[in-house]
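*Asks:* After the sequence you'll find the predicted model.
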Amino acid sequence: MKEPDSSGNVRLERQVRREPFELPVTRYRDDDGLPACAANFATADVCVFWRSKSFGQREVCWWEGGALLHRRGEKGNGTLIPQDNCPLWCMK
């Protein structure tokens, strides 16, 4: 591996630089303090990995390759439950 230059970047082959950066991501909790995938759909305050398909009839997690998301509540109309492998919730 090559040494970093004066700016801290490492030159790779073909003079391409690697520039690490952090991307801010918001995660959500429902009123009971449980992990959720969104706060408000009307204002698009949703997880960056949330998507819908089938003309909005199915909610899926892009991170999980389109795995269906499930909702809390007896009638399935509660908050969305993140997948077990959600990168926002599985890391401690």
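*Replies:* Here it is on my side, so go on.

*Asks:* middle-most residue in this structure, spatially?
*Replies:* By Cα atoms, centre = their mean, the chain has its centre lying nearest to Phe49, at 4.1 Å.

*Asks:* which residues sit in contact with it?
*Replies:* 37, 61-64, 86, 88 (Cβ atoms under 8 Å, 6 or more residues apart in numbering). C-beta: built from backbone N, CA, C; applies to glycine.

*Asks:* for the residues you listed, which one is nearest Asp30?
*Replies:* Using Cβ to Cβ, Cys37 is the member of the contacts of Phe49 that lies nearest Asp30, at 9.8 Å.

*Asks:* what separates that closest one from Leu80, distance-wise?
*Replies:* 4 Å (Cβ to Cβ, to the nearest Å).

*Asks:* of those two, who's got more company?
*Replies:* Using other Cβ atoms under 10 Å as the criterion, Cys37 and Leu80 rank with Cys37 on top: 24 against 21.
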